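**Student:** Turn this into a structure:
(4 chains)
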2 protein chains.
Amino acid sequence: MFQALADPTRRRMVERLSRGPASVSELAEPFQMSLPAVVQHLQVLEQSGLVTTEKVGRVRTCTIDTGALSMAEKWINDRRIGWERRLDRLGAFLDALPGSSDKADK
Amino acid sequence: MFQALADPTRRRMVERLSRGPASVSELAEPFQMSLPAVVQHLQVLEQSGLVTTEKVGRVRTCTIDTGALSMAEKWINDRRIGWERRLDRLGAFLDALPGSSDKADK
DNA sequence: TCAATAGATAAGTTTCTGCTTAAGTGTTGT
DNA sequence: ACAACACTTAAGCAGAAACTTATCTATTGA
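**Tutor:** From the prediction side, this is the model:
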């Protein structure tokens, strides 16, 4: 999933899709690369769960799956919060120390 | 930055560091790979801004930089919110349609 | 001073990525 | 029916990534 977001091209695709669904060729249009290349990126996004696609007739329509986005967001948030809680505990611990006796911080 | 988080080994390192700073060998300990490999991962994390290191004496201590984490979190959040706002607008639009005349939904 | 420690640097290997071109397959408008 | 369209599939290739081993350089404690 982070793997899928690692590539700049795929990130631009996600940005595009966050503004609304698109067909494969619409997705490909802003890029200079060949269509198969775009489709390969699309497959990565699909396997990662970030994007859902549905083919009707001869056109495949791509849609963002925000659930997958939320997961990545949560992972990052958990690490960040974990760290910040640690800092808080550390601060509290230092405050409780009798060492350098200032009653509060300045 | 997403590039840096793309690798599972590096993600585990970030998890470890979210629970507190560590030296290079402490970081390397849970892994089976060679130390140079770990150092290489560490360099990637450092260049991405996710991790800060400082060497004192002969031991290098590694710390998470939550600022970088926040940036990634924001990027994801922006896409997700963008998409959800779109859905809201769409819903409002459909509600305003005179087409199938039910006054509210249900 | 000297040996163990903690890590840095270099070079080489293998595997994975991101792309390309070339040649299909199923749809659709005329 | 048939040509244009919207992708698919397959094969191949160059460069990047993720390791490895081997060698080197500073600290540090005895």
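
**Student:** How about the helix or strand A:Leu27 falls within and chain B, any contact?
**Tutor:** Here A:Leu27 sits within helix A:24-28, counting by DSSP states H and E. No - Helix A:24-28 does not reach chain B (CB under 8 Å from any CB of the partner chain); its nearest approach is 14.9 Å. (C-beta placed from N, C-alpha, C; glycine too.)

**Student:** burial measure for A:Ala28, as a count.
**Tutor:** 20 (other CB atoms under 10 Å in any protein chain shown).

**Student:** and what of A:Ala22?
**Tutor:** 17.

**Student:** What spatial separation is found between it and B:Met33?
**Tutor:** Counting by CB to CB, to the nearest Å, the separation of A:Ala22 from B:Met33 is 41 Å.

**Student:** Please give me every residue in contact with A:His46.
**Tutor:** Quick fix: residue A:46 is Glu, not His. By CB atoms under 8 Å, 6 or more residues apart in numbering or on different chains, the contact set of A:Glu46 is A:Thr52, A:Thr53.

**Student:** How about the residues of chain A by chain B?
**Tutor:** Close to chain B, as judged by CB under 8 Å from any CB, chain A has residues A:2-3, A:5-6, A:11, A:14-15, A:17-20, A:64, A:66, A:69-70, A:72-73, A:75-80, A:82-84, A:86.

**Student:** Using PyMOL, define a selection of the buried residues within these.
**Tutor:** The buried residues among the residues of chain A next to chain B can be selected in PyMOL (16 or more other CB atoms under 10 Å in any protein chain shown) with this line:
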select buried, chain A and resi 2+3+5+6+11+14+17+18+64+66+69+72+73+75+76+77+79+80+82+83
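
**Student:** from chain A, which residue is nearest to DNA strand C?
**Tutor:** For chain A and DNA strand C, the shortest gap (CB to the nearest atom of the strand) falls at A:Gly57, measuring 2.4 Å.

**Student:** Pull the number of nearby residues for that residue.
**Tutor:** Other residues close to A:Gly57 by other CB under 10 Å number 5.

**Student:** what does the model give it for pLDDT?
**Tutor:** For A:Gly57, the model assigns a pLDDT of 95.
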